[in-house]
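Colleague: How does the following fold in three dimensions:
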Amino acid sequence: MAGWDLKKGELQLVPIRDDQLWARFNFVFSDASAKRNSYKFGLIKSILDNLLNCTIEDDKFVLFYHDIFAKFTECYWNLVLKYHLRQMRPDGKSQYSKIEQILWQAQIDFQIPEQIPFDSLNAILQETIIAQVQRECRKYVIGALYSDLEGIVYGFDKKEKYLVLHPTAYQFLMKYKMELERLNYYAWAKFLETVNDDSLLVRLLNKLELASPQRKNLDIYRQVLYQEFEAHYCFYCGKKLTGTSHVDHFIPWSFVKEDKLWNFVLSCPSCNNGKSNKLPARMFVEVMEERNSHVVLRSDFSRNQFASYRQGLISHLWQYARNAGFQVYKTDLDLRA
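Modeller: Predicted coordinates for the structure are as follows:
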């Protein structure tokens with residue numbers, strides 16, 4: 001049976017090596033992998049963007065379809081409606097993929113102006129569109145990508161609400177997240193070049209990157225950190241926070257691409273601006289993990305933000321980001337130590 005037509009795919013729980021995983025992903029990125037549309041690239045990107053939403057249930061690394069296709073929908077919304085990039089090779093029946101048709105129809109039905117970002121839509125409308133995209137993609141792309149990866153990355157059952165990642169594959173995806181993102185963007189761009197007019201291909205790689213979910217307002221996190229975490233001092237230099245305090249991604253947003261309370265600290269403007277897109281010094285990792293292990297989560301919001309957190313995650317993310325080339329920010333405190 002063709003991969004796209006599978007109703008269920010068993011996860012191959014066998015020992016696997018990094019070189020085997022690279023071989024399967026390089027196959028997907030190559031022209032040898034059958035692609036009538038760009039969905040495989042979109043699914044890979046959505047899985048990578050959701051790694052921090054992965055939960056461990058009965059020793060299984062679980063990713064829910066809703067989380068995957070929420071990212072998938074937002075990305076395609078921008079590519080299709082903002083940048084007008086076609087996502088399918090014409091097949092004699094249609095020039096446009098089903099996802100493109102769903103998004104265009106939603107724009108017409110709900111009278112949504114062009115250039116409106118997906119995250120600006122009201123929550124009910126977002127969920128309506130995500131549900132339509134999820135129904136379509138669960139039919140075909142999950143099985144198609146599963147087959148290309150030979151079942152060693154994830155298993156699935158269309159009757160369930162989630163897919164299950166191989167534990168070794170999860171570590172591989174975390175370790176090589178940025179390398180896989182770049183290769184996926186490159187292969188996606190090559191595909192789009194074959195189905196779009198030259199006028200739409202200007203700064204194509206930038207368009208793919210900008211189609212991703214972007215940073216959001218962090219004011220709500222400032223209040224939670226101040227009130228629930230009692231964070232009244234700069235996490236990095238220890239100075240008392242007076243006036244304006246900044247919400248900082250401990251592990252840079254450009255690596256995690258998620259807003260999670262367990263990855264936020266309050267800092268003074270000087271430390272936040274100096275750290276920017278860098279990693280904090282390694283000495284702060286233990287402090288951060290200690291904070292997260294003892295914090296009392298008083299609200300549903302905080303508890304939901306910590307749902308996928310586990311001890312040791314900060315340390316692993318720090319090392320993965322360091323290996324990916326992120327520089328380390330040195331504070332005056334570090335230099336005196």
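Colleague: Just the helices from the stretch 51-200 of the chain, written as ranges.
Modeller: For the stretch 51-200 of the chain, the helices defined by DSSP state H, counting those that start in this stretch cover 65-77, 98-109, 123-148, 167-175, 177-193.
Colleague: Can you give me the buried ones in the longest one?
Modeller: With burial defined by 16 or more other C-beta atoms under 10 Å, the residues of helix 123-148 counted as buried are 126, 129-130, 132-134, 136-138, 140-148. (Glycine included, C-beta is placed from N, CA and C.)
Colleague: quick revisit: how about JSON lines for the helices of the stretch 51-200 of the chain, with mean pLDDT and distance to residue 88 added?
Modeller: Formatted as JSON lines, those follow (pLDDT from 0 to 100; distance: least, C-beta to C-beta, whole Å):
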{"stretch": "helix 65-77", "mean pLDDT": "96", "distance to residue 88": "12"}
{"stretch": "helix 98-109", "mean pLDDT": "96", "distance to residue 88": "7"}
{"stretch": "helix 123-148", "mean pLDDT": "95", "distance to residue 88": "12"}
{"stretch": "helix 167-175", "mean pLDDT": "96", "distance to residue 88": "26"}
{"stretch": "helix 177-193", "mean pLDDT": "96", "distance to residue 88": "10"}
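Colleague: okay, those in a markdown table with distance to residue 227 next?
Modeller: Shown next, in a markdown table, are the helices of the stretch 51-200 of the chain (distance: least, C-beta to C-beta, whole Å):
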| stretch | distance to residue 227 |
| --- | --- |
| helix 65-77 | 28 |
| helix 98-109 | 38 |
| helix 123-148 | 24 |
| helix 167-175 | 32 |
| helix 177-193 | 33 |
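Colleague: Would you mind saying which of these lies nearest residue 308?
Modeller: Shortest distance between residue 308 and the helices of the stretch 51-200 of the chain, using C-beta to C-beta, is found for helix 65-77: 9.7 Å.
Colleague: isn't residue 193 right up against residue 204?
Modeller: Yes - between residue 193 and residue 204 there is a contact at 7.2 Å, judged by C-beta atoms under 8 Å.
Colleague: Okay, residue 235 and residue 298: tell me how far apart.
Modeller: 20 Å (C-beta to C-beta, to the nearest Å).
Colleague: quick one: which of the two has more around it?
Modeller: Between residue 235 and residue 298, counted using other C-beta atoms under 10 Å, residue 235 has the larger neighbour count: 22 against 12.
Colleague: wouldn't that one be in contact with residue 268 here?
Modeller: No - Residue 235 lies out of contact with residue 268 (C-beta under 8 Å); the separation is 9.1 Å.
Colleague: just the helices in the stretch 201-337 of the chain please.
Modeller: Applying DSSP H, counting those that start in this stretch to the stretch 201-337 of the chain gives helices spanning 204-210, 219-227, 253-256, 269-275, 283-294, 300-305, 313-323, 332-336.
Colleague: Out of the ones you listed, the one nearest residue 242 is which?
Modeller: helix 269-275 (10.9 Å).
Colleague: domains in this protein, as residue ranges please.
Modeller: Domains of the chain are assigned by automatic domain parsing as 3-210, 219-336.
Colleague: least reliable of the ones you listed going by mean pLDDT?
Modeller: Lowest mean pLDDT within those: domain 219-336, a mean of 90.
Colleague: gap between it and the chain center?
Modeller: Relative to its chain's centre, domain 219-336 lies at 19 Å (C-alpha atoms, centre = their mean, to the nearest Å).
Colleague: Same check on stretch 131-145?
Modeller: 18 Å.
Colleague: what's near enough to touch residue 269?
Modeller: By C-beta atoms under 8 Å, 6 or more residues apart in numbering, residue 269 lies in contact with 244, 246.
Colleague: Could you rerun that using 6 Å?
Modeller: Neighbouring residues of residue 269 by C-beta atoms under 6 Å, 6 or more residues apart in numbering: residue 246.
Colleague: so how far is residue 245 from it?
Modeller: 8 Å.
Colleague: Look up the closest residue to the residue most central in space within the chain, ignoring the ones flanking it.
Modeller: Geometric centre of the chain, nearest residue: residue 49, 1.1 Å, by C-alpha atoms, centre = their mean. Closest residue to residue 49 apart from its sequence neighbours, by C-beta to C-beta, 6 or more residues apart in numbering: residue 71 at 4.7 Å.
Colleague: where's the one you found relative to residue 80, distance?
Modeller: The spacing between residue 71 and residue 80, counted by C-beta to C-beta, is 15 Å.
Colleague: Pull out the buried positions in stretch 110-125.
Modeller: 112, 118, 121.
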